[in-house]
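Enquirer: Return a 3D structure for these sequence lines:
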Amino acid sequence: MSTAPNTATRYDEAAIEADPTVPMIHIWRDFTGTPEQLFRAHTDPELFARWIGPEGMTATILEWDATDNGKWRYSAGDRNDDPQLFRGSFHTVSPEKIVQTFTWEGMPDGVALETLTFEDLGDGRTRLHAQSLCDSFADRDMWLRESGMEIGVQQGYAALDRMLADGSL
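Expert: The predicted model follows:
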């Protein structure tokens with residue numbers, strides 16, 4: 001599905017879909033919160049580190065400049081694993097849209113171009129639409145089938161839900 005779903009549909013869990021025509025991943029997720037809160041959760045490094053990734057994983061921000069042309073880098077792991085490193089560049093940072101690159105340093109030649117938008121649904125909820133344009137269909141499919149991305153997305157967004165509900169965001 002390459003077009004936005006109907007706003008009457010609710011996404012209390014992330015809908016993750018591969019675009020059949022280009023090597024892109026689409027993710028839709030609704031949150032009880034404002035677009036401003038979701039924007040902050042994606043641009044404030046302390047908030048971001050609290051929700052990103054699967055349960056039991058700790059994210060450590062190594063570099064973070066959430067401005068146009070800024071950079072980011074973080075490590076993520078649990079006590080038993082070597083941390084995984086992720087990095088990218090912010091291209092556009094505005095309350096309506098974030099455009100950035102994303103690279104897992106375990107696959108340093110694979111770069112995705114990500115666009116995140118925050119749509120006010122008008123009922124106290126906001127829809128996040130994330131799209132990741134990968135280098136190839138093979139890379140996209142590896143992310144979807146072998147990387148554990150879906151678990152990290154679902155559990156990370158559940159943590160973000162809890163932050164919105166308890167007022168810590």
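
Enquirer: Report the next helix or strand after the lowest-mean-pLDDT helix or strand in the chain in sequence order.
Expert: Between all helices and strands in the chain, the lowest mean by mean pLDDT, DSSP states H and E belongs to helix 137-146, at a mean of 90. Going down the chain from helix 137-146, the next helix or strand is helix 149-166, by DSSP states H and E.

Enquirer: I'd assumed Leu133 was in contact with Val22.
Expert: Yes: shown here, Val22 and Leu133 form a contact pair, counting by C-beta atoms under 8 Å, at 6.8 Å. C-beta coordinates here come from the backbone N, C-alpha and C atoms, glycine included.

Enquirer: between those two, which one's more packed in?
Expert: More neighbours surround Leu133 than the other of Val22 and Leu133, with 16 against 12 (other C-beta atoms under 10 Å).

Enquirer: quick one, phi/psi of that one?
Expert: Backbone torsions of Leu133, given as degrees, to the nearest 10, read phi -90, psi 110.

Enquirer: got a pLDDT number for it?
Expert: pLDDT for Leu133: 98.

Enquirer: Please apply the same query to Gly53.
Expert: For Gly53, pLDDT reads 88.

Enquirer: Assign a three-state SS to Gly56, would you?
Expert: coil (DSSP: H, G, I helix; E, B strand; the rest coil).
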